[in-house]
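Novice: Whatever this is, show me its structure:
(one chain, ligands or ions: 1)
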Amino acid sequence: MVDTAPVAVVGVVGGEVVGADARERVEQAEVLVGAPRHLAYFEPSCGPQLRIDLAGPIDQAIDAIAGHVAEGRTVCVLASGDPGFFGIVRLMSARLESPRIRVHPAPSSVALAWGVAGLHWDDAEVVSAHGRSLAQALPVALTSPKVAILTDPSNPPELIARELLARGSRPRKVIVASRLGEPDQSVVHTDLSGASAGSFDPLSVMLVIDEGDPTDRPSIAWGWPERKFARRDGMITKSEVRAVALGKLSLPRTGVLWDVGAGSGSVGIEAAALSRALRVYAVERHGADAERIAANAAAAGVAVDVITGDAPDALAGMPDPDRVFVGGGGLDVVEASWKRLGSGGVLVATFVLLDRAVEAHRLLGDMVQIHVNRCVPIGSAGVRLEPLNPVFVCWGER
Ligand SMILES: C[S@@+](CC[C@H](N)C(=O)[O-])C[C@H]1O[C@@H](n2cnc3c(N)ncnc32)[C@H](O)[C@@H]1O
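Specialist: Numbering: from 1, shown residues only. Model (predicted):
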């Protein structure tokens with residue numbers, strides 16, 4: 001089939017493209033777009049060729065590309081590796097329809113990095129810290145046994161290693177692969193401490209590998225036993241109630257969750273472990289409890305932002321939530337949180353007092369009472385049922 005797409009996006013590694021079609025699109029384009037180092041690799045083979053340097057603002061370059069396409073010129077955009085994988089194709093397809101674009105990928109930097117490491121990566125996760133905050137990359141890197149992280153000048157490998165150590169990461173093997181495919185390619189094998197003390201090319205791929213016992217790793221289990229969390233005087237949502245509350249929260253894959261009146265942090269910590277790209281805020285008025293939440297989160301290997309303060313005032317500076325759990329603070333906290341929830345957001349609150357629960361039920365719409373009897377042995381004679389305090393779980397979707 002003849003390729004009629006007016007814009008070719010061609011991946012380049014070390015000055016090479018993959019395949020005769022890709023080379024032809026580069027050589028015959030009327031307009032060639034790319035970073036100076038990519039443009040320098042290719043000379044036009046027939047007639048004059050307009051060249052656009054991608055070093056400037058990317059939106060302007062994409063506008064220029066769209067303008068040339070509208071005027072009927074053939075355009076070829078050069079980009080590193082696989083431009084469809086965390087690359088320029090995402091931005092271009094927001095501006096040009098995909099039938100107008102044909103991508104000719106070269107191996108991505110991530111594939112090259114696993115290649116120099118000599119490891120298979122069909123079981124690895126990939127996250128980007130390139131041109132975005134670390135909020136998504138850190139939770140994945142903390143809990144995934146095998147992850148590749150794309151870095152940038154604001155989030156270089158040494159900073160990511162320091163953040164992982166600060167959040168209580170297990171020991172990890174780290175491989176930093178820089179300038180892949182270029183003559184000055186470098187590959188450093190180290191660990192998190194070594195990486196945190198290093199100084200790397202910011203345009204690197206960082207491989208983070210957990211070689212520890214796989215049975216120690218976090219699983220999708222929820223309703224963890226209370227003994228997993230350091231806590232004050234029984235101030236914890238019991239595991240059976242927590243399991244129901246987490247179910248009612250119907251956790252999204254991304255977004256923001258508030259755990260208000262967080263106590264030991266158990267609800268927010270479990271939510272963070274279940275949905276690793278979720279940004280979790282735990283709000284707790286007591287300083288000592290807040291410190292315990294941070295320690296519990298680190299021990300569980302998850303990232304939780306702990307806010308020490310009194311809700312609802314403490315909620316003011318926080319990003320609007322997609323999910324809220326209220327375990328302490330009462331009705332004014334429920335009402336203030338409900339107002340901040342976006343459409344489709346879910347709020348779950350637990351109460352011991354019936355009067356408060358009835359009020360919350362009026363606002364939220366759903367309520368159950370959970371009354372748990374735990375089975376405990378009486379010596380060798382048999383078992384008896386030990387009742388826990390009944391708890392009301394109220395929830396609603398905005
Ligand atoms: C029952 S405990 C919550 C248990 C928690 N879900 C857990 O599993 O550990 C209630 C917590 O809410 C906190 N709290 C109560 N009112 C608060 C408020 N207005 N703002 C912040 N924290 C509050 C208390 O200090 C206490 O730690």
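
Novice: Could you measure from Pro377 over to Glu226?
Specialist: Per CB to CB, to the nearest Å, Pro377 is found 18 Å from Glu226. Any C-beta I mention is one placed from the backbone N, CA and C, and that applies to glycine too.

Novice: The two: which has the busier surroundings?
Specialist: More crowded of Pro377 and Glu226, by other CB atoms under 10 Å: Glu226, with 14 against 9.

Novice: all helices of the stretch 201-350 of the chain, in order?
Specialist: For the stretch 201-350 of the chain, the helices defined by DSSP state H, counting those that start in this stretch occupy 239-249, 266-274, 287-300, 331-340.

Novice: What strand or helix carries the residue in the stretch 1-150 of the chain that the ligand sits nearest to?
Specialist: The ligand sits closest to Pro139 of the stretch 1-150 of the chain, with a gap of 19.7 Å, by CB to the nearest ligand atom. For Pro139, the element it lies in under DSSP states H and E is helix 137-143.

Novice: quick one: buried residues of whichever helix or strand comes after that helix?
Specialist: Remark: after helix 137-143, the chain's next helix or strand is strand 146-150, criterion DSSP H and E. Residues of strand 146-150 classed as buried: Lys146, Val147, Ala148, Ile149, Leu150 (neighbour count, 16 or more other CB atoms under 10 Å).

Novice: And for stretch 302-319?
Specialist: Of all the residues in stretch 302-319, those buried under the rule 16+ other CB under 10 Å are 302-309, 311-312, 314-315, 318.

Novice: Report how many residues lie close to whatever residue of the stretch 251-398 of the chain ends up closest to the ligand.
Specialist: Across the stretch 251-398 of the chain, no residue is closer to the ligand than Gly328, which sits at 2.0 Å (CB to the nearest ligand atom). Residues lying near Gly328 (other CB under 10 Å) number 21.

Novice: go on, Leu164?
Specialist: Other residues lying near Leu164 total 26 when counted by other CB under 10 Å.

Novice: For it, list the residues it contacts.
Specialist: Leu138, Ala141, Leu142, Arg172, Leu192, Val208 (CB atoms under 8 Å, 6 or more residues apart in numbering).

Novice: Looking at these, which has the smallest pLDDT value?
Specialist: Among the contacts of Leu164, Leu142 carries the weakest pLDDT, at 81.

Novice: Which per-residue confidence value corresponds to the residue nearest to that one when sequence neighbours are not counted?
Specialist: In space, and not counting its chain neighbours, Leu142 is closest to Gly301: 5.1 Å by CB to CB, 6 or more residues apart in numbering. At Gly301, the pLDDT value in this model is 78.

Novice: try Phe42
Specialist: 88.

Novice: likewise the one 5 residues further on?
Specialist: Confidence per residue is given as pLDDT, and for Gly47 that number is 66.

Novice: what about Thr74, neighbour count?
Specialist: Look at Thr74: counted by other CB under 10 Å, it has 17 neighbours.

Novice: That one against Val33, yeah?
Specialist: No - here Thr74 lies out of contact with Val33, judged by CB atoms under 8 Å, at a distance of 11.5 Å.

Novice: need the strands for the stretch 201-350 of the chain, in chain order.
Specialist: Along the stretch 201-350 of the chain, the segments classed as strands by DSSP state E, counting those that start in this stretch run 204-209, 254-260, 277-284, 304-308, 323-326, 346-351.

Novice: Just list what the shortest one packs against, helices and strands only.
Specialist: For strand 323-326, the helices and strands in contact under the criterion 3 or more CB pairs under 8 Å, 6 or more residues apart in numbering; DSSP states H and E are helix 239-249, strand 254-260, helix 266-274, helix 331-340, strand 346-351.

Novice: possible to save those as CSV with mean pLDDT and distance to His38?
Specialist: Formatted as CSV, the helices and strands packed on strand 323-326 follow (pLDDT from 0 to 100; distance: least, CB to CB, whole Å):
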stretch, mean pLDDT, distance to His38
helix 239-249, 98, 47
strand 254-260, 94, 33
helix 266-274, 94, 40
helix 331-340, 97, 46
strand 346-351, 98, 47
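
Novice: Dump these to CSV, plus mean neighbour count and distance to the ligand.
Specialist: Listed next are the helices and strands packed on strand 323-326 as CSV, based on neighbours: other CB atoms under 10 Å; distance: least, CB to the nearest ligand atom, whole Å:
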stretch, mean neighbour count, distance to the ligand
helix 239-249, 20, 6
strand 254-260, 24, 6
helix 266-274, 27, 4
helix 331-340, 18, 6
strand 346-351, 26, 7
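
Novice: For Arg37, which of those is the nearest?
Specialist: strand 254-260 (34.1 Å; CB to CB).

Novice: List the strands paired with that closest one, with their directions.
Specialist: Applying DSSP bridges to the sheet, strand 254-260 is found paired with strand 277-284 (parallel), strand 323-326 (parallel).

Novice: most tightly surrounded among those strands?
Specialist: strand 323-326 (a mean of 28; mean count of other CB atoms under 10 Å).

Novice: how far out from the middle of the chain is stretch 300-313?
Specialist: Taking CA atoms, centre = their mean, to the nearest Å, the mean C-alpha location of stretch 300-313 is offset from the chain mean by 18 Å.

Novice: how about the residues of the protein that lie near the ligand?
Specialist: Residues of the chain lying close to the ligand (CB under 6 Å from any ligand atom) are 231, 235-237, 261-264, 266-267, 283-286, 289, 310-311, 327-329, 333.

Novice: pLDDT score for the closest residue in space to Arg276 that isn't next to it in sequence?
Specialist: Nearest non-adjacent residue to Arg276, counting by CB to CB, 6+ apart: Pro139, 4.2 Å away. We have a pLDDT of 78 for Pro139.
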